[in-house]
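Engineer: got a sequence here, can you model it:
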Amino acid sequence: MENITFEVIPVDDGFYYPPGRFIIITPQEIFSRERIKYKLPKFALGDRIESLEEIHPGDYVVHEDYGIGIYQGIIQRVSSKTKVPYDSLEILYSGGDKLYVPVQYFYKIQKYVGPPDYKPKLSKLDIAAWERVKNNIRRKTSRILSELVKLYAERSTQQGIKFSDDSYIEKTFANEFPYEETEDQAYAITETLSDMVKGKLMDRLIIGDVGYGKTEVAMRAALKAVLSGKQVMVLVPTTILAEQHYRTFTQRFCNYPVNIGMLSRLVKKQVQKTIIEKIKKHEIDIIIGTTRLLQPDVVFNDLGLLIIDDEHKFGVRDKEKIKHIKSNVAVLSLSATPIPRTLSMALNGIKDVSIIETPPYGRLPIETYLLPYDEKIIKEAIYNEFLRHGQTFYIHNHIDTIYLVKQKLETLLPEIRFCVIHGKMKPKEIEDTISSFLDRKYDVLLSTTIIEAGIDLPNVNTIIVENAHEFGLAQLYQLRGRVGRSDKKAYCYLLYPQNAPITEDARKRLKALREFISLGSGYRLALRDLEIRGAGNIFGVEQHGFIAQVGYNLYLQILAEEVKKIKGEPAAAKGEVCEPEISIPYNATISTGYISSAETRVIFYRKLLSSHSENEVLKVERELVDRFGKMPQEVKNLINISILRIYLIKHKVKTLEINTNGTKLSFIRTHENEVFINHLVQKYKMEICETEPFYVLYSNQRFSLEELLQIFKNVN
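Structural biologist: Predicted coordinates for the structure are as follows:
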């Protein structure tokens, strides 16, 4: 009998084989839930809001070479060399001295962001004195950072758990995700799983707006850990969030042999003991819970992955316990609005970070209203939601008066059904009330900020926040994120007392939230939060003074440089980055006749002069035409100079000057430049003078902008 060889091949989907007249049906097609892949359109979120860069006359600013001054506005001056007008920022310094910064050096100026209520001391126009201030901060920052950065650097190179390679089960699990991953989400998943497979001691931060898919990233990581024989701890700050995650994980893993448990004060004492015993015996693979998981009686058999949701909401003692657990397990942190410390570490390369900015399919911006308290508005908002068969959250953050508010609302809207939850209620009461609300037995959930994290109800698409001025910006953002979780239009009403005094910071917070209505703005909102309440202490008390001396932006720059040094990363070589000095007789400004707002002109100057490619400049050009119409010649010149600047940087041109005698170019001396320079000498009959550390080329010809662009663009 002929030998027959069988090969087992996993298949994702069933199929019909006509020649053999048989049909293959896979187990997951029989037992798995329905797979509906929703195709995601490409969302255009618009440009980042440059919240830390917008400056207005009277604002304190920091020039990286000259120090702290007061921005006076944009003025037009005439170049003594070229006799053409150019825009400058006028900055007032100590003693009444003024500095005029030409447009091409706007990148050296940042808005001063410092400690709250701190009035900075104006610098003198003394470069040496300012350099001494920066060097002093560099030395002290380096000392503070050494221990912390080395800890993270050691962790990144330290051998961690080497989780198993991607498996067929993981692929099936991914295919069962009922939505198509956004590009950002897919990248975050890839980076996380890659960290785990490499065997590094992972410590990754996932930043993404509420409802943007951070939990799915966490579940993919959790599955890999479980398949590698490890246990997973999902640590959350509130019982409600624990309940939410438990429901989500249980539903997502329902077709897999994964044991999931929950531990919080909502769980009965006797049940808690049983769960703790199961954790010890590795009879539970994924345990989701509050700080109850940090108690001494909770002992893991083989913990491999720690997932932390909103770490900044834990207390100091809990953070110390978390730090101890982190020492030898993979860590995945989730955050919608990262706190300054975490954000700063992420920005400066101390932590690995993945940012999810792309919104899910069908997600609409939440329409946000900032209004004085008015019963008519409340009645209309709740009733409109009721008429479209939806539900409402009503936030009143004072337990002692919450039931009086309920009575008031019931009188105002007798046909509407209200329920209440707050932190002093018994766990069973909270659980039962939320379940009843989920079953639509009530129309409005009146609550304290206990719902800030964890409540995910697609049918709730209106939220009303009383005394919104009392909340922090990140907290307001989280509350607003409780609605708009479906494809329905959602509404957020931020109410403040009609006659009560409101602090300036509170006004800024409310205004910022209204401005940041675009999808995916949580990350940018965290930056605005820094601006409003001051940068605070990033790594400790001492740098509160550092930030006061040089401002948050420049301090971050110094911080980044010191991090690189401590981590042993090479600094930029001398001449590697060359910002060219351009002196040419062509008017290249954004006139007031084209854009009247000085602040808007500054933003567009910044965009053009911080572009890294010709495509980026052309994108800004399209935006200008779209917003302000046909460009006058001087703006076209600015576009061409912005493109030319990119090629000058590429070829390490130090200066470009065109005057009555012709054209002069100076290059940084590099081996790569020799071919290009020889080409210029031969084709354009330019004279060359070699001086250390430059090549200087001269020509009697006065090149036009178009000719210069052709010269630099057409050379390989």
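Engineer: quick check: which ranges of the stretch 201-350 of the chain have low pLDDT?
Structural biologist: Counting by pLDDT under 70, the stretch 201-350 of the chain shows low-confidence ranges at 312, 316, 337-350.
Engineer: where do the helices sit along it?
Structural biologist: In the stretch 201-350 of the chain, the segments counted as helices under DSSP state H, counting those that start in this stretch are 214-227, 239-252, 269-280, 316-326, 340-347.
Engineer: which stretches in the stretch 301-450 of the chain count as strands?
Structural biologist: In the stretch 301-450 of the chain, strands defined by DSSP state E, counting those that start in this stretch lie at 303-309, 330-335, 352-356, 367-372, 391-395, 418-421, 444-447, listed in chain order.
Engineer: with the stretch 151-300 of the chain instead?
Structural biologist: Using DSSP E, counting those that start in this stretch, the strands of the stretch 151-300 of the chain run over residues 203-208, 231-235, 260-263, 286-289.
Engineer: from the contact counts, what lies against the second one?
Structural biologist: With contacts taken as 3 or more C-beta pairs under 8 Å, 6 or more residues apart in numbering; DSSP states H and E, strand 231-235 sits against helix 214-227, strand 286-289, strand 303-309. C-betas here are computed from N, CA, C, even on glycine.
Engineer: thinking again about what came up before, dump the strands of the stretch 301-450 of the chain to JSON lines, plus distance to Ile646 and mean neighbour count.
Structural biologist: Rendered in JSON lines, the data for those read as follows (distance: least, C-beta to C-beta, whole Å; neighbours: other C-beta atoms under 10 Å):
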{"stretch": "strand 303-309", "distance to Ile646": "42", "mean neighbour count": "24"}
{"stretch": "strand 330-335", "distance to Ile646": "35", "mean neighbour count": "24"}
{"stretch": "strand 352-356", "distance to Ile646": "26", "mean neighbour count": "21"}
{"stretch": "strand 367-372", "distance to Ile646": "38", "mean neighbour count": "14"}
{"stretch": "strand 391-395", "distance to Ile646": "49", "mean neighbour count": "24"}
{"stretch": "strand 418-421", "distance to Ile646": "57", "mean neighbour count": "19"}
{"stretch": "strand 444-447", "distance to Ile646": "53", "mean neighbour count": "25"}
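Engineer: out of those strands, which gets nearest to Val465?
Structural biologist: Minimum separation from Val465 across these (C-beta to C-beta) falls at strand 391-395, 4.5 Å.
Engineer: who does the closest one pair with, and is each partner parallel or antiparallel?
Structural biologist: Partner strands and pairing direction for strand 391-395 (DSSP bridges) are strand 444-447 (parallel), strand 460-465 (parallel).
Engineer: would CSV of those with distance to Leu303 and mean pLDDT be doable?
Structural biologist: Below are those laid out as CSV (distance: least, C-beta to C-beta, whole Å; pLDDT from 0 to 100):
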stretch, distance to Leu303, mean pLDDT
strand 444-447, 34, 96
strand 460-465, 35, 94
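Engineer: any idea which of those gets closest to Arg138?
Structural biologist: Among the strands paired with strand 391-395, strand 460-465 comes nearest to Arg138, with 43.6 Å by C-beta to C-beta.
Engineer: in CSV, could you pull the C-alpha coordinates for the closest one?
Structural biologist: Below are the C-alpha coordinates for strand 460-465, written out as CSV (Å, rounded to 0.1, in the frame of the first residue of the first chain):
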residue,chain,number,x,y,z
VAL,A,460,-25.5,57.8,27.2
ASN,A,461,-24.8,60.8,24.9
THR,A,462,-25.5,63.8,27.0
ILE,A,463,-23.5,64.9,30.1
ILE,A,464,-24.2,67.9,32.4
VAL,A,465,-21.5,69.0,34.8
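Engineer: that older thread, with distance to Asn459 added, can I get the strands of the stretch 151-300 of the chain in TSV?
Structural biologist: What follows is the strands of the stretch 151-300 of the chain, written out as TSV (distance: least, C-beta to C-beta, whole Å):
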stretch	distance to Asn459
strand 203-208	23
strand 231-235	25
strand 260-263	24
strand 286-289	24
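Engineer: now these in JSON lines, with distance to Leu609 and mean neighbour count?
Structural biologist: Listed next are these as JSON lines, based on distance: least, C-beta to C-beta, whole Å; neighbours: other C-beta under 10 Å:
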{"stretch": "strand 203-208", "distance to Leu609": "28", "mean neighbour count": "24"}
{"stretch": "strand 231-235", "distance to Leu609": "45", "mean neighbour count": "26"}
{"stretch": "strand 260-263", "distance to Leu609": "53", "mean neighbour count": "23"}
{"stretch": "strand 286-289", "distance to Leu609": "49", "mean neighbour count": "26"}
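Engineer: could you measure from Lys313 over to Ser335?
Structural biologist: Between Lys313 and Ser335 the distance, using C-beta to C-beta, to the nearest Å, works out to 10 Å.
Engineer: tell me the most buried of the helices of the stretch 201-350 of the chain?
Structural biologist: Across those, the average number of neighbours (mean count of other C-beta atoms under 10 Å) peaks for helix 214-227, which reaches a mean of 24.
Engineer: so which elements touch it?
Structural biologist: Counting by 3+ C-beta pairs under 8 Å, 6+ apart, the packing neighbours recorded for helix 214-227 are helix 168-175, helix 183-198, strand 203-208, strand 231-235, helix 239-252, strand 303-309, strand 330-335, strand 352-356.
Engineer: and Gly390, which of the strands paired with strand 391-395 is closest to it?
Structural biologist: Closest of those to Gly390 is strand 460-465, at 5.0 Å (criterion: C-beta to C-beta).
Engineer: next, the angle strand 367-372 makes with the closest one.
Structural biologist: Angle, strand 460-465 to strand 367-372, by axes from the mean of the first three to the mean of the last three C-alpha atoms, to 10 degrees: 30 degrees.
Engineer: the longest strand seen in the chain: what's the following helix or strand?
Structural biologist: Counting residues, the longest strand found in the chain (DSSP state E) is strand 67-78. From strand 67-78 onward toward the C-terminus, using DSSP states H and E, the following helix or strand is strand 85-92.
Engineer: restricting to C-alpha, output the helix or strand that that next one is followed by in PDB.
Structural biologist: Once the chain leaves strand 85-92, the next helix or strand it forms, by DSSP H and E, is strand 98-102. As requested, C-alpha coordinates have been extracted for strand 98-102 and formatted as PDB (Å, rounded to 0.1, in the frame of the first residue of the first chain):
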ATOM      1  CA  LYS A  98      14.900  95.700  23.000                       C
ATOM      2  CA  LEU A  99      15.700  92.800  20.800                       C
ATOM      3  CA  TYR A 100      14.400  92.500  17.200                       C
ATOM      4  CA  VAL A 101      14.200  88.900  16.100                       C
ATOM      5  CA  PRO A 102      13.900  88.400  12.300                       C
END
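Engineer: quickly run through the sheet partners of strand 98-102, with directions.
Structural biologist: Strand 98-102 has the following strand partners under DSSP bridges: strand 85-92 (antiparallel).
Engineer: avg pLDDT for the strand it pairs with?
Structural biologist: Confidence over strand 85-92 (mean pLDDT, whole number) is 88.
Engineer: how about stretch 420-431?
Structural biologist: Taken as a whole, stretch 420-431 has a mean pLDDT of 85.
Engineer: list the buried residues of that stretch.
Structural biologist: Within stretch 420-431, the residues that count as buried by 16 or more other C-beta atoms under 10 Å are 420-422, 425, 430-431.
Engineer: out of those, the closest to Val210 would be?
Structural biologist: Nearest to Val210, judged by C-beta to C-beta, of these is Ile421 at 19.2 Å.
Engineer: sorry, back to before: tabulate the strands paired with strand 391-395 (CSV), appending distance to Val625.
Structural biologist: Rendered in CSV, the data for these read as follows (distance: least, C-beta to C-beta, whole Å):
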stretch, distance to Val625
strand 444-447, 48
strand 460-465, 37
